[in-house]
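K.L.:
what follows is a predicted structure for the sequence shown.
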Amino acid sequence: MNYHKSFQTIDTQVVGEAFRIVVQSPIVISQENIVEAANALNTQFENTKQILLNEPRGHRGMNGCIILPSAVASFRLLFFQHAASTDFKYEALVATTTALIELGTIEVSENDIYTIETVKGIYEVNVQLSEKKDAVLSVHMIVKPALVEDEFVVVDGERHYIVLEKPQQLKALVLDELADISTWGVNASTKYSAADGVIVYEKVGSEVRSVTFERDGYILRSPSVDSTLALIAVLGDGAVRKNNSIFYSCIEIAGKHEVGYELALTGYITGIHQFVVDREDPLQQGFVIV
């Protein structure tokens with residue numbers, strides 16, 4: 001074996017969606033300004049990012065996170081992702097905060113409040129810990145409502161979604177119907193190519209079940225914070241107390257505030273990994289199966 005690259009990561013999941021926190025890699029970000037740092041990450045290190053996102057080390061659903069020190073917040077958070085994914089996900093705030101606290105790599109806040117600097121602004125989260133202060137039970141955050149603009153539902157003024165009620169050709173939004181749902185989603189994503197995602201939903205009693213397709217038709221393994229906000233904008237506050245995915249995960253509205261909705265999500269560390277690249281490996285940058 002002739003290794004020439006080595007990586008260490010912390011892998012996490014939040015309501016079914018995977019986030020890979022890069023601990024050690026050839027990625028070096030020295031810029032102090034968060035926008036300049038994000039630009040450096042977006043325009044450089046392409047080979048390294050593909051190695052970490054693609055199979056066999058990653059997969060189409062993997063999201064990359066880089067944590068850096070911050071002069072104005074508890075830490076800085078940068079993202080990298082597959083081309084068809086959105087460049088910001090609220091779930092990443094939960095994933096990174098949970099990992100830093102549970103692995104003891106961030107100073108524990110006396111008031112359980114942590115701030116996270118991103119290119120989208122500084123976000124505040126409230127962490128609920130176990131009695132022994134060694135496990136994160138949930139991470140609470142308040143997110144702004146989405147807005148309906150023409151045919152789109154817009155989250156944070158920049159991520160545009162199409163929201164559609166389940167068509168009759170789909171029997172139900174359940175895992176047993178995944179093949180038909182996937183085919184429908186690919187066609188819908190092609191039709192609404194200007195959108196960042198297509199959300200299809202059905203009402204199930206007092207709850208909602210939904211599936212979110214990204215730009216290439218990939219099905220999110222999460223009910224998604226963005227999708228939950230989009231559904232509230234379309235259906236109204238009282239109609240979306242809980243947004244369920246077909247993969248048995250859900251996002252529940254924990255409360256409503258003047259500025260938005262309170263969500264309480266839980267992140268889980270799924271692995272601490274060391275990856276290597278063999279010089280003779282013909283698939284060094286991996287591949288993607290949709």
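P.N.:
Looks like it came in fine. Bear in mind the structure is a predicted one, so any value in this text is a computation, not a measurement.
K.L.:
Asn126 should be in a strand, yeah?
P.N.:
Yes. Asn126: assigned to a strand according to DSSP: H, G, I helix; E, B strand; the rest coil.
K.L.:
that one bridge partners, please.
P.N.:
Ile113, His140 (DSSP bridges).
K.L.:
where does the prediction get shaky in the stretch 1-150 of the chain?
P.N.:
Confidence mapping of the stretch 1-150 of the chain against pLDDT under 70 gives the ranges 1-3.
K.L.:
which stretches in it count as helices?
P.N.:
Taking DSSP state H, counting those that start in this stretch, the helices of the stretch 1-150 of the chain run over residues 34-43, 46-53, 90-102.
K.L.:
so where is the stretch 151-290 of the chain shaky, pLDDT-wise?
P.N.:
290.
K.L.:
can you say which of the helices of the stretch 1-150 of the chain is nearest to Arg20?
P.N.:
helix 46-53 (6.0 Å; CB to CB). C-beta coordinates here come from the backbone N, C-alpha and C atoms, glycine included.
K.L.:
hmm, back to that, so can I have TSV of the helices of the stretch 1-150 of the chain showing distance to Phe80 and mean neighbour count?
P.N.:
Listed next are the helices of the stretch 1-150 of the chain as TSV, based on distance: least, CB to CB, whole Å; neighbours: other CB atoms under 10 Å:
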stretch	distance to Phe80	mean neighbour count
helix 34-43	6	16
helix 46-53	5	18
helix 90-102	11	25
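K.L.:
would a markdown table of the ones you listed with distance to Ala233 be doable?
P.N.:
Listed next are those as a markdown table, based on distance: least, CB to CB, whole Å:
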| stretch | distance to Ala233 |
| --- | --- |
| helix 34-43 | 27 |
| helix 46-53 | 30 |
| helix 90-102 | 15 |
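K.L.:
what's near enough to touch Lys49?
P.N.:
Ile27, Gly64, Phe80 (CB atoms under 8 Å, 6 or more residues apart in numbering).
K.L.:
got it, and Val204?
P.N.:
With CB under 8 Å, 6+ apart, Val204 has these contacts: Asn244.
K.L.:
what's across from it in the sheet?
P.N.:
Bridge pairing for Val204 - DSSP bridges - gives Glu207.
K.L.:
what do you get for Thr212?
P.N.:
Ile199.
K.L.:
kindly state the domain boundaries assigned to the chain.
P.N.:
Per the record, the chain has its domains at 3-144+267-278, 147-253, by automatic domain parsing.
K.L.:
to Val259, which of those domains lies closest?
P.N.:
Closest among the domains of the chain, once you apply CB to CB, is domain 3-144+267-278, at 6.2 Å.
K.L.:
and the closest one, how far out from the chain middle?
P.N.:
10 Å (CA atoms, centre = their mean, to the nearest Å).
K.L.:
likewise stretch 234-244?
P.N.:
The mean C-alpha position of stretch 234-244 is separated from the chain mean by 20 Å, CA atoms, centre = their mean.
K.L.:
flag every buried residue along that stretch.
P.N.:
Val234, Val240, Lys242, Asn243, Asn244 (16 or more other CB atoms under 10 Å).
K.L.:
isn't the fourth one right up against Val208?
P.N.:
Yes. Taking CB atoms under 8 Å as the contact criterion, Asn243 and Val208 are neighbours in contact, 5.3 Å apart.
K.L.:
now do the shared contacts for these two.
P.N.:
Joint contacts of Asn243 and Val208 (CB under 8 Å, 6+ apart) are Leu231.
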